[in-house]
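Colleague: Kindly generate the corresponding structure for this input.
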Amino acid sequence: MAIDPCKDETLLSALMDNQLPPEHAAAVRRHMATCTTCRKRFEALQQADAIIRSMAGSEPSADFDRNFWRKVADLESRRAKRSWLRPLLTGWRPVLASGMAVGVAAVILFYTSQGKEPSPEEVFIAQNMELLQNYDVIDHLELLEQWDAIETMKEPS
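Modeller: Numbering: from 1, shown residues only. Next up, the predicted model:
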């Protein structure tokens, strides 16, 4: 098996972290002696590692533990407050509630409209319903007056 950091860049990182077996590490070093690209990559990794190691470690504030656990308790209390709503918003209950609301609204509309007297327009429409249903026929009455002429016409072929 040929060891080629040009194809597997993780070899350079493993070499820097001393994670390669000695024979593989020696092969990567021989390759870097002749390959400027891999040598530059290895130097860049070393520089990045040096920068990271030189950075000062950050320490949490003295109140970190207390603030963290207070925030956790706040989240849990908010979740507990919402948990009583969850059963109402899942399953068959929302469908039942919606159906009941529609039913109540229909009953209210039905009973509130019972006491009204029909308007004169509504009475006229009810009395002349059959005539109004045949309005299309009446609308095209002029065609019926010319029925003899229409019957004698020939269809274009």
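Colleague: Can you say which helix or strand has the residue nearest to L15 when sequence neighbours are not counted in it?
Modeller: Nearest residue to L15 in three dimensions, chain neighbours excluded: V28, at 5.0 Å (Cβ to Cβ, 6 or more residues apart in numbering). Every residue, glycine included, has its C-beta placed from N, CA and C. Element membership of V28 [criterion: DSSP states H and E] is helix 22-34.
Colleague: Past that helix, which element shows up next along the chain?
Modeller: Going down the chain from helix 22-34, the next helix or strand is helix 36-54, by DSSP H and E.
Colleague: residues in contact with the helix or strand following that following helix?
Modeller: Remark: after helix 36-54, the chain's next helix or strand is helix 64-83, criterion DSSP H and E. Residues lying outside helix 64-83 but in contact with it, judged by Cβ atoms under 8 Å, 6 or more residues apart in numbering, are S61.
Colleague: Point out where the protein drops to low pLDDT.
Modeller: Judged against pLDDT under 70, the low-scoring parts of the chain cover residues 1, 82-93, 113-115, 131-144, 156-157.
Colleague: For the nearest residue to E9 once chain neighbours are set aside, which residues are in contact?
Modeller: Leaving out its chain neighbours, the residue that sits closest to E9 by Cβ to Cβ, 6+ apart is R41, at 6.7 Å. Residues touching R41, when contacts are defined by Cβ under 8 Å, 6+ apart, comprise 5, 9, 12.
Colleague: Can you flag the buried ones in those?
Modeller: Using 16 or more other Cβ atoms under 10 Å as the burial test, the contacts of R41 include 5, 12 as buried.
Colleague: M32 against E43, yeah?
Modeller: No - proximity of M32 to E43 does not meet the contact threshold set by Cβ atoms under 8 Å, at 9.5 Å.
Colleague: Nice, that's everything, thank you.
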